[in-house]
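Visitor: sequence unknown, structure follows:
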């Protein structure tokens, strides 16, 4: 049995869900001197309305712990991560990987939890990401379900499962169908169907416990079922049995996971809800017979019912639909389970077994369960895991060449992948109209009309990156508008200084082009678009002007319009960006300066929104 080993369990269920092999295996490992962190289910599909209670429970569990990690018992920790519910969407997967690994690696360092064995029950892309980004001594995939058949939303899991199968050091399965499937991708597959904690069930079987209060009020004989009441249960079969055998009470112990309105109206069908796993043996003890009434589907063909050995451990007769795993179980254990194809045969077996208790059969059922105990299963698993760890250690020196080649191949793949991304990025930016598509929402361009004044926001270094060049272009356009008689005054606004003040430069240029100095007003204090609007509006208010022609950069117009919408709503503004500018000429192709200007404007809008300027 494994001892003094750190184990990470990537589970397909939550710790507080119905007690199954996941919890049994990990708690057994802990009792044998190992340390375990149990990562709760991160999902194989997008959640639906029926998952709301589980989501609320996950949030509560996250709050209970430190960054989602809590101590459940000595040496066993449970990690309840909060993740984006899109298991196959790459951006969500990237973020989920970052969030989980960030917490997990910090916890591992703080807890001195190094070089773990990783056992995963979940074959999702996120599980593979966690495995790939941790240093570990062994990877075990425990395949317990045909996840891709569990729902249409989970079909995408097949690709990531094949990848996981190929990278796993060992693969454990619970059914023959799963063994055949997994063996296609890994030659180290072993069959370990879920088992029973035999000692615990035997204690209750031999004990003197009284029947649960709920059962005392239910008419016997009681035909019982334990486990989740899910969509794989054949409700039509149950309904017909209840009608054929009104003297029997059909009792379901477990959480309701599907609509049971078809059965809830029947007087001899009872749903008792979830119970603690420690109490399950008491309920089975007072059943007169036990059933496994599953539909036969692509999903259930892979199912080995955990409850089978629990029923047998209590010496109970078991009647089941012809599940492939039940039929295989019967071949190994002398047809110990009664198999029925329809309600009539179910009732026939039920009546025979409740009429007479055959002690020989009871003893045979108990011994069958004893041979399928978790102690035996986990001991065999541990032996395989220890042998594989030893093999990997002994082969480490012989495999240096193989490992070195693998590292170079991995590095080469990463370089090629990075290069492909760079080429794609270059092609999108420089060889398509993507940049112009990004730029279009920033532009506002209107036709000039008569106004009180022309307001020009200086360019500083402008889009060209050269001091003065953008400034002169804006001043030239303003002078042209002035000479065409659209306004009698020009307001130059800029506090930017490179040797000389920007606004002064624009004034000098305008005067040289024939604009009278008395018709020019300077605002030379602003250092941002926000201050351009704030200080120029003050001038407009003082003059009593309510209409302007605004001249600035093409890309700057959206941000300026948002500022005026908040601070100058009374003004009538026509936005006239500088058009005759080589910088905006699309025939020259995309320039780095253009990309910089576009992203600068978007960043400016976000910043102004954050500062509540717009």
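Guide: On my side now, so go ahead. What you see is a predicted model, and the numbers here were worked out from it, not measured in a lab. Numbering: from 1, shown residues only.

Visitor: what bits of the protein have low per-residue confidence?
Guide: Scanning the chain with the threshold set as pLDDT under 70 gives 50, 150-154, 396-403, 406, 460-468, 580-590.

Visitor: domains in it, by residue range?
Guide: 6-191, 198-372, 400-432, 439-610 (automatic domain parsing).

Visitor: can you tell which of those domains is closest to residue 391?
Guide: domain 6-191 (9.0 Å; Cβ to Cβ). For every residue, glycine as well, the C-beta is placed using N, CA and C.

Visitor: related to what we said a few turns ago, could the domains of the chain be laid out in CSV, adding mean neighbour count and distance to residue 386?
Guide: Below are the domains of the chain laid out as CSV (neighbours: other Cβ atoms under 10 Å; distance: least, Cβ to Cβ, whole Å):
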stretch, mean neighbour count, distance to residue 386
domain 6-191, 18, 9
domain 198-372, 17, 22
domain 400-432, 10, 22
domain 439-610, 18, 56
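
Visitor: could I get those as TSV with distance to residue 393?
Guide: Below are these laid out as TSV (distance: least, Cβ to Cβ, whole Å):
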stretch	distance to residue 393
domain 6-191	8
domain 198-372	32
domain 400-432	13
domain 439-610	52
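
Visitor: the ones you listed: which one's closest to residue 381?
Guide: Here domain 6-191 is closest among these (Cβ to Cβ), at 6.5 Å.

Visitor: contacts for the helix or strand residue 223 falls within?
Guide: Using DSSP states H and E, residue 223 sits within strand 222-226. Defining contact as Cβ atoms under 8 Å, 6 or more residues apart in numbering, one finds that strand 222-226 is touched by 215, 233, 241, 248-254, 280, 283-284, 286-293, 307, 310, 350.

Visitor: also stretch 99-107?
Guide: 37, 39, 42, 67-69, 77, 79, 81-83, 113, 126, 129-130, 133-134.

Visitor: how does it look with 10 Å?
Guide: Contact partners of stretch 99-107, identified using Cβ atoms under 10 Å, 6 or more residues apart in numbering, comprise 8, 10, 37, 39, 42, 65-69, 77, 79, 81-84, 108, 113, 126, 129-130, 132-134.

Visitor: then stretch 428-445?
Guide: 427, 550, 552-561, 573-577, 579, 584, 586, 589-592, 594-595, 597-599, 601-602, 605.

Visitor: tell me how far the closest residue in space to residue 519 that isn't next to it in sequence lies from residue 549.
Guide: In space, and not counting its chain neighbours, residue 519 is closest to residue 489: 5.2 Å by Cβ to Cβ, 6 or more residues apart in numbering. For residue 489, the distance to residue 549 (Cβ to Cβ, to the nearest Å) stands at 11 Å.

Visitor: between the two, which contacts overlap?
Guide: 451, 452, 453, 454, 455, 482.

Visitor: pretty sure the first one sits against residue 481.
Guide: In other words, residue 451. Yes. Applying Cβ atoms under 10 Å, one finds residue 451 in contact with residue 481, separated by 9.2 Å.

Visitor: contacts only, for the closest residue to residue 88 other than its chain neighbours.
Guide: Setting aside the residues directly before and after it, residue 88 is nearest to residue 156 in space (Cβ to Cβ, 6+ apart), at 4.6 Å. By Cβ under 10 Å, 6+ apart, the contact set of residue 156 is 44, 45, 87, 88, 124, 125, 147, 148.

Visitor: out of those residues, list just those in helices.
Guide: residue 125 (DSSP state H).

Visitor: nearest to residue 319 among the contacts of residue 156?
Guide: residue 147 (28.1 Å).

Visitor: can you verify my assumption that the closest one contacts residue 123?
Guide: Yes. Contact criterion Cβ under 10 Å: residue 147 and residue 123 qualify, at 6.7 Å.

Visitor: any common contacting residues for those two?
Guide: Joint contacts of residue 147 and residue 123 (Cβ under 10 Å, 6+ apart) are 12, 44, 157, 158, 160, 161.

Visitor: ok, the closest residue to the third one other than its chain neighbours - contacts?
Guide: Meaning residue 157. Spatially, and ignoring its direct neighbours in sequence, residue 157 is nearest to residue 147 (4.9 Å; Cβ to Cβ, 6+ apart). Contacts for residue 147 (Cβ under 10 Å, 6+ apart) come out as 12, 44-45, 121-124, 154-158, 160-161, 299, 302.

Visitor: check which element follows the longest helix that the chain contains along the chain.
Guide: In the chain, with assignment by DSSP H, the single longest helix is helix 400-430. Per DSSP H and E, the first helix or strand lying C-terminal to helix 400-430 is helix 434-439.

Visitor: which elements pack onto whichever helix or strand comes after that following helix?
Guide: As assigned by DSSP H and E, the chain's next helix or strand after helix 434-439 is strand 453-457. Applying 3 or more Cβ pairs under 10 Å, 6 or more residues apart in numbering; DSSP states H and E, we find strand 453-457 packed against helix 469-483, strand 490-493, helix 502-512, strand 520-523, helix 529-543, strand 547-551, helix 557-567.

Visitor: ok, whichever helix or strand comes after the last one: who's next to it in the sheet?
Guide: Put plainly, it is helix 557-567. Moving toward the C-terminus from helix 557-567, the next helix or strand (DSSP H and E) is strand 572-575. Strand 572-575 pairs in its sheet with strand 547-551 (parallel), by DSSP bridges.
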